[in-house]
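Student: Have a look at this prediction, sequence included:
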Amino acid sequence: MKVQEDRVDTILVRCPNWVGDIVMATPALDCLRENFPHAKMIGIIRRRAKDILKDGPWFHGFVDCDDKSWSGFWHTVKQIRALKPDMAVVLPNSIRSVLTVWLGGAQKVYGYRRNGRGIFLSGGPEAKRNGGKIVPMPMAEYYLEICRWLGLNTSLSAKPSLYIGAGLERKAESLFEKYGVQKQDTVIGLNPGASFGSSKCWPPEYFAGLAELIEDRLKARILLLSGPGEEDIVQAILAQTRAEIIDTGPDKIDLALLKPVIRRCNLLITNDTGPRHYAVAFDVPVVVIMGPTDPRYTAASLQRTVVIRRELDCSPCHRKVCPTDHRCMTEITPPMVYEQVEKLLKANQEDEVLGIWQEVD
């Protein structure tokens, strides 16, 4: 199918809900912006998450989506109706995400035909299946498949991208000045939390031990990154390490300021969560400690990424809380992770492309 560009004045894009998925959706946003250069594009997105996409070239404005309650749902619908959209592209897979734009009066609604929502769609691709089960694929490609179904030119890079405005730059510079971080310093970021659930989290005592290895062997400045609700994880790490760690928690770094903070890092060590994808967008080397999630969903743009995971009979389970012994994470030790940190830093200094999954025996 080929959408006629000159017949589309206003496009709505219902953005994903999870931080990492939003970043991985940016190639699809690039594609829409490139193919509809004169259209007004409006992003429908959770209030907190829109900071991820601010300063980017995609949207003329945002609709704050709060559709979890009935009152929020209808408020979102009313905002959409006022825009009189010609077309809506829905990236999440839920019926609710389609219903908001359908009831909002979008003339054409496109998205994946799954979860019984096809009746509300004007069209869209089918998810690829094998034996009736949906086949996992990199989310950046998953979102781009909607653009391909629409007949759009998808020749642009599938690598995620993020943008930082001048005001945000200045705010980050002040923060690093406060921390005493100099331009010549090697900065290693540690991201020990995960809003998905505890199953994704490497143990705090392991992060504590890894910080000591980094400080002893690399003489690097260590930034401890955290989000709302992760205070206990941070305190557990600080209580169990002798390493000198910069705790960024008191500064309440939001999703906007997190962009220049991660870009300043020489390397990021993280669970399989949103900040991982910030690092990819800014070409920051990243070591990902992966447990319950399927690596196929993020198997793209891995040139400066090492994914460390343990293949077990129970993985990937995608459970928020491990019902057993959490072996997928506890059997990955601090020395194993540090070994990959050294390799990735060396490869980056020599401008080598690494990009591997490191399976732990």
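Tutor: Thanks, I have it.

Student: just checking, what packs against the helix or strand where residue 140 lies?
Tutor: Residue 140 belongs to helix 139-149 when elements are defined using DSSP states H and E. On a contact count with 3 or more CB pairs under 8 Å, 6 or more residues apart in numbering; DSSP states H and E, helix 139-149 meets helix 19-24, helix 26-35, strand 108-111. The C-beta positions use only the backbone N, C-alpha and C, and glycine is treated the same way.

Student: Where do the strands of the stretch 151-300 of the chain begin and end?
Tutor: Secondary structure of the stretch 151-300 of the chain (DSSP state E, counting those that start in this stretch): strands at 187-191, 221-224, 245-247, 267-271, 286-290.

Student: Could you export the ones you listed as JSON lines, including mean pLDDT?
Tutor: JSON lines is the format used below for these (pLDDT from 0 to 100):
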{"stretch": "strand 187-191", "mean pLDDT": "98"}
{"stretch": "strand 221-224", "mean pLDDT": "98"}
{"stretch": "strand 245-247", "mean pLDDT": "97"}
{"stretch": "strand 267-271", "mean pLDDT": "97"}
{"stretch": "strand 286-290", "mean pLDDT": "96"}
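
Student: Relative to residue 292, how far out is the residue lying closest to residue 282 once chain neighbours are set aside?
Tutor: Leaving aside its chain neighbours, residue 282 sits nearest to residue 263 (4.3 Å; criterion: CB to CB, 6 or more residues apart in numbering). Distance, residue 263 to residue 292, using CB to CB, to the nearest Å: 28 Å.

Student: between those two, who's got more neighbours?
Tutor: Neighbours around residue 263 and residue 292, counted as other CB atoms under 10 Å, are more numerous at residue 292. The numbers are 25 against 17.

Student: and that one, what pLDDT?
Tutor: We have a pLDDT of 91 for residue 292.

Student: Repeat that for residue 181.
Tutor: 96.

Student: Let me see the contact set for it.
Tutor: 187, 221, 246, 264 (CB atoms under 8 Å, 6 or more residues apart in numbering).

Student: pretty sure the first one is touching residue 221, no?
Tutor: Yes - the pair residue 187 and residue 221 passes the contact test of CB atoms under 8 Å, sitting 5.0 Å apart.

Student: Would you mind splitting this protein into its domains for me?
Tutor: With domains defined by automatic domain parsing, the chain comprises 5-149, 166-359.

Student: If I take the host helix or strand of residue 43 and helix 26-35, what angle do their directions form?
Tutor: Assigning secondary structure by DSSP H and E places residue 43 in strand 40-45. Interaxial angle, strand 40-45 versus helix 26-35 (axes from the mean of the first three to the mean of the last three CA atoms, to 10 degrees): 160 degrees.

Student: For strand 40-45, which strands pair with it and how are they oriented?
Tutor: Sheet pairing for strand 40-45, assigned by DSSP bridges, gives strand 10-14 (parallel), strand 61-64 (parallel).

Student: for the protein, what spans make up the helices?
Tutor: Secondary structure of the chain (DSSP state H): helices at 19-24, 26-35, 50-53, 70-83, 95-103, 139-149, 166-179, 204-218, 231-239, 258-264, 274-281, 327-330, 334-349.

Student: Can you give me the buried ones in the fourth one?
Tutor: Burial within helix 70-83, assessed by neighbour count using 16 or more other CB atoms under 10 Å, is assigned to 73, 75-77, 79-80, 83.

Student: Determine the angle, from 0 to 180 degrees, between it and strand 40-45.
Tutor: Using the same axes, to 10 degrees, the inter-axis angle of helix 70-83 relative to strand 40-45 is 180 degrees.

Student: List the contacts of residue 177.
Tutor: With CB under 8 Å, 6+ apart, residue 177 has no contacts at all.

Student: and what of residue 224?
Tutor: Neighbours of residue 224 in contact, by CB under 8 Å, 6+ apart: 190, 192, 234, 237-238, 245-249.

Student: Buried ones among those?
Tutor: For these, a neighbour count by 16+ other CB under 10 Å gives the buried set as 190, 192, 234, 237-238, 245-249.

Student: Tell me the one of those nearest residue 40?
Tutor: residue 248 (36.8 Å; CB to CB).
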